[in-house]
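A.B. asks: Fold the following for me, if possible:
(chains A and B)
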Protein chains: 2
Amino acid sequence: MSLSEFEIIDQYFTPLGHWQGPHTVLGPGDDCAVLSPPAGHQLCVSSDTFIEGVHFPVGANGALVARRTLAGAVSDLAAMGSEPLAVTGALTLVTAVPDWLASFSGALSALIQDWQLPLVGGNISRGSELSVTWTVIGSVPAGSYVTRDGASAGEDIYVSGWPGRAGLALSKLQAGQQPSERLAKHYLAPTPRLLLGQSLRGLASAMIDVSDGVLADLNHLLQASALGARLNAQSMAVDELLLATADSPAAALTLFLTAGDDYELCFIAPSSARAEIDRLALKLPLPLNRIGETKAELGLMIENLPDSVTESMLIKTSGYRHFS
Amino acid sequence: MSLSEFEIIDQYFTPLGHWQGPHTVLGPGDDCAVLSPPAGHQLCVSSDTFIEGVHFPVGANGALVARRTLAGAVSDLAAMGSEPLAVTGALTLVTAVPDWLASFSGALSALIQDWQLPLVGGNISRGSELSVTWTVIGSVPAGSYVTRDGASAGEDIYVSGWPGRAGLALSKLQAGQQPSERLAKHYLAPTPRLLLGQSLRGLASAMIDVSDGVLADLNHLLQASALGARLNAQSMAVDELLLATADSPAAALTLFLTAGDDYELCFIAPSSARAEIDRLALKLPLPLNRIGETKAELGLMIENLPDSVTESMLIKTSGYRHFS
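C.D. replies: This next block holds a predicted model:
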């Protein structure tokens, strides 16, 4: 590493510390950062590690790594209904490549302001593989956070946005094809659903972010809430871009259910909240697809699956399983 | 890795989540943990990464890794005068060795309770080298945190405890010798000075934890506060165990000034606080050595250095330098 850790911090990360949010009392540079959360709020905290070749492609440019990994971390705040407060980053580098660092730092600089998440601390290490660990801290009005385990039987199941697009973009990139910009952005620069998550406080009974695929993460919600579900495949294939770009309607549906790179939110809400959730979808604006409902009996059924999509295919690609 | 990440978490880390402190509303298992800091408090946050072969010896047992790395992270809370609130951990494993994991987890279980720092989240990854990133979160009554930059000229400089002992223990271990238990514990199980740090709120004008050696970290305090200092070597060689075990009085003094493995606190306070600091030393009980005083003119001088300890030796081993 030609640049020392000190020089890397000084050139690429210290400038990012100059923007601090309204709740940062002391930014980076001392033994700790000091934050002053809004009065009456509780804190939400999550740590995520992303490793080259495991969580992002080997050789990915700095901007891609910054955008995908920070989105993945921030998505956990969205899934609690949390407002962002601050982030710390621990970056382990194999070598210090100025172009890569400039790309990473440049993207990060935009993201922390877009998502109102000041970088309050962290460190740079030298190691044998590239990785980054983000710890995101957010806040919610006391008692208003949304967990995974609050759902009841007979409630509606929703998923936000356009699940499957990021996975399709990735598969095209991996095959050496160039996806359209409209498709590619879902993989290259995913948007954590912070505002949606916050807007669902008091409406959603349970929520999770989709990092492993809609079916896999819905299963986590159902297990936490000790429920089953009946989904309707006809409510899912509503994304015209996905339908137009995937190899077949069945492939589009499989991507919708099993691709996990979009960081959308999957949530459950009582039917009394339908009108308000429909209004929210128009206001954001963001599709909020009602894909099924919860059941007291365990197990997950999907109605109206095309013949070409079998349950065993879903199980294979998503960890989808009947758990009754 | 014969055990899956899920099995590792289930066997070795989920049990640690069962103990949660008084301020944890929701422990591990959801998208985020939820914390409720004491009313009127601000938060202190710090992230540290520790890599095998860089920050701890290759092949170190799990308990040693847990004890030294978590102490290093928690020491940053101590240096702000913070009370502990919670910690998240990101562990990257090369292979899952049950004995190592049991040793790591067992030590961690004791530490989080000793230091009142519930483990509220984290993750396990597979990678090509062993590392752990801790993010510690603490709280302080609003405005009472102690920074590095608050010192004035003519104030007293202190260092707590027994700096040098851990470094001496390490050098003996590396040489294949067995240090006495009394010496070894400073390296094998360092104690972050949480209570001291908290007790110095309102007394200390500037504070840092000693991770790079007394001289190197004092230099950080002096730079942040734009001051110089005059130290007195005769105030330093007061540790009988260090004097009895090191090769010579000069070696003991060099260890005191340059070894950085103890996680003691170095702090500055006005002379009006002397009586109270002396009472604090008796109460804790913990040596609080007054080793010199700050000066308006930049540069660091050490009076009464033995002939056998030269400034160039200190510069070589500690990054010690005149910066006037």
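A.B. asks: use CA for all of it now, contacts and neighbours both
C.D. replies: Fine.
A.B. asks: Next, the contact list for whichever residue of the stretch 151-300 of chain A sits closest to chain B, please.
C.D. replies: Across the stretch 151-300 of chain A, no residue is closer to chain B than residue A:208, which sits at 6.8 Å (Cα to the nearest Cα). Contact analysis of residue A:208 by Cα atoms under 8 Å, 6 or more residues apart in numbering or on different chains lists A:76, A:79, A:80, A:147, A:148, A:217, A:218, A:221, A:265, A:266, A:267, B:31.
A.B. asks: which residues pair with it across the strands?
C.D. replies: Beta-bridge partners for residue A:208, by DSSP bridges, are residue A:266.
A.B. asks: Tell me the spacing between it and residue A:147.
C.D. replies: 8 Å (Cα to Cα, to the nearest Å).
A.B. asks: Overlap in contacts, these two.
C.D. replies: A:80, B:31.
A.B. asks: in chain A, what secondary structure element scores lowest on mean pLDDT?
C.D. replies: helix A:311-318 (a mean of 60; mean pLDDT, DSSP states H and E).
A.B. asks: Just the pLDDT at the residue of the stretch 151-300 of chain A closest to chain B, thanks.
C.D. replies: Residue A:208 is assigned a predicted lDDT (pLDDT) of 98.
A.B. asks: now residue A:101
C.D. replies: Looking at residue A:101, the pLDDT reads 97.
A.B. asks: ok, now residue A:63?
C.D. replies: If you check residue A:63, the pLDDT there is 98.
A.B. asks: So it: helix, strand or coil?
C.D. replies: helix (DSSP: H, G, I helix; E, B strand; the rest coil).
A.B. asks: got a list of what it touches?
C.D. replies: For residue A:63, the contacting residues are A:100, A:103, A:104, A:105, A:106, A:107, A:108, by Cα under 8 Å, 6+ apart.
A.B. asks: re earlier: for the residue of the stretch 151-300 of chain A closest to chain B, give its distance to residue A:192.
C.D. replies: Distance from residue A:208 to residue A:192, by Cα to Cα: 12 Å.
A.B. asks: Can you name the residues of the stretch 1-150 of chain A sitting close to chain B?
C.D. replies: Residues of the stretch 1-150 of chain A that fall close to chain B, judged by Cα under 8 Å from any Cα of the partner chain: A:30-37, A:41-49, A:51, A:76-77, A:79-80, A:88-90, A:121-123, A:125, A:127-129, A:133, A:135, A:147-148.
A.B. asks: cutoff 7 Å now
C.D. replies: A:30-36, A:42-49, A:76-77, A:79-80, A:88, A:90, A:121-123, A:128-129, A:147-148 (Cα under 7 Å from any Cα of the partner chain).
A.B. asks: From these, which land in strands?
C.D. replies: Residues of the residues of the stretch 1-150 of chain A next to chain B located in strands (DSSP state E): A:33-35, A:42-49, A:88, A:90, A:121-123.
A.B. asks: most surrounded residue in those residues?
C.D. replies: residue A:45 (31 neighbours; other Cα atoms under 10 Å in any protein chain shown).
A.B. asks: contacting residues for that residue?
C.D. replies: Listed by Cα atoms under 7 Å, 6 or more residues apart in numbering or on different chains, the contact set of residue A:45 reads A:136, A:137, A:138, B:32, B:33, B:34.
A.B. asks: Does it have any beta-bridge partners, and if so which?
C.D. replies: On the basis of DSSP bridges, residue A:45 takes part in beta bridges with residue A:137, residue B:33.
A.B. asks: Surely residue A:292 forms part of a strand?
C.D. replies: Yes: secondary structure assignment places residue A:292 in a strand (three-state DSSP).
A.B. asks: Return the distance of residue A:40 relative to residue A:160.
C.D. replies: Counting by Cα to Cα - residue A:40 and residue A:160 are separated by 29 Å.
A.B. asks: Which one's more surrounded, these two?
C.D. replies: residue A:160 (21 against 14).
A.B. asks: What backbone torsions are found at the more buried one?
C.D. replies: phi -90, psi 160 (degrees, to the nearest 10).
A.B. asks: The one 10 residues further on too?
C.D. replies: Phi and psi for residue A:170, reported as degrees, to the nearest 10, are phi -60, psi -40.
A.B. asks: where does the stretch 1-150 of chain A have low pLDDT?
C.D. replies: For the stretch 1-150 of chain A, the stretches flagged by pLDDT under 70 are A:1-2.
A.B. asks: All the helices of it, residue numbers only.
C.D. replies: With helices called from DSSP state H, counting those that start in this stretch, the stretch 1-150 of chain A shows them at A:5-8, A:62-80, A:98-114.
A.B. asks: C-alpha coordinates for the last one, CSV please?
C.D. replies: Spelled out, that is helix A:98-114. Extracted C-alpha coordinates of helix A:98-114, given in CSV (Å, rounded to 0.1, in the frame of the first residue of the first chain):
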residue,chain,number,x,y,z
PRO,A,98,-6.4,6.1,-5.6
ASP,A,99,-9.0,5.8,-8.4
TRP,A,100,-11.0,3.2,-6.5
LEU,A,101,-10.8,5.3,-3.3
ALA,A,102,-11.9,8.4,-5.1
SER,A,103,-14.8,6.6,-6.6
PHE,A,104,-15.8,5.0,-3.3
SER,A,105,-15.5,8.3,-1.4
GLY,A,106,-17.2,10.3,-4.1
ALA,A,107,-20.3,8.1,-4.1
LEU,A,108,-20.3,7.9,-0.3
SER,A,109,-20.2,11.7,-0.1
ALA,A,110,-23.4,12.0,-2.1
LEU,A,111,-25.2,9.1,-0.4
ILE,A,112,-24.7,10.3,3.2
GLN,A,113,-26.3,13.6,2.3
ASP,A,114,-29.1,12.0,0.2
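A.B. asks: buried stuff in it?
C.D. replies: For helix A:98-114, the neighbour count (16 or more other Cα atoms under 10 Å in any protein chain shown) marks A:100, A:101, A:102, A:103, A:104, A:105, A:106, A:107, A:108, A:109, A:111, A:112 as buried.
A.B. asks: now do the second one
C.D. replies: By neighbour count, with 16+ other Cα under 10 Å as the criterion, the buried positions of helix A:62-80 are A:62-80.
A.B. asks: For the residue nearest the centre of chain A, which three-state class applies?
C.D. replies: When Cα atoms, centre = their mean is applied to chain A, the residue found nearest the centroid is residue A:263 (2.8 Å). Three-state call for residue A:263 (three-state DSSP): coil.
A.B. asks: Show the contacting residues for residue A:56.
C.D. replies: Per Cα under 7 Å, 6+ apart, neighbours of residue A:56: residue A:65.
A.B. asks: pretty sure residue A:12 contacts residue A:106?
C.D. replies: No: taking contacts as Cα atoms under 7 Å, residue A:12 lies outside contact range of residue A:106: 8.4 Å.
A.B. asks: Distance of residue A:308 relative to residue A:78?
C.D. replies: In terms of Cα to Cα, residue A:308 sits 34 Å off from residue A:78.
A.B. asks: still on that earlier bit, now render the contacts of residue A:45 as TSV, adding distance to residue A:271.
C.D. replies: Formatted as TSV, the contacts of residue A:45 follow (distance: Cα to Cα, whole Å):
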residue	distance to residue A:271
A:136	32
A:137	32
A:138	29
B:32	26
B:33	28
B:34	27
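A.B. asks: which one of those residues sits closest to residue A:298?
C.D. replies: Lowest distance from residue A:298 to those (Cα to Cα) belongs to residue B:32, with 25.6 Å.
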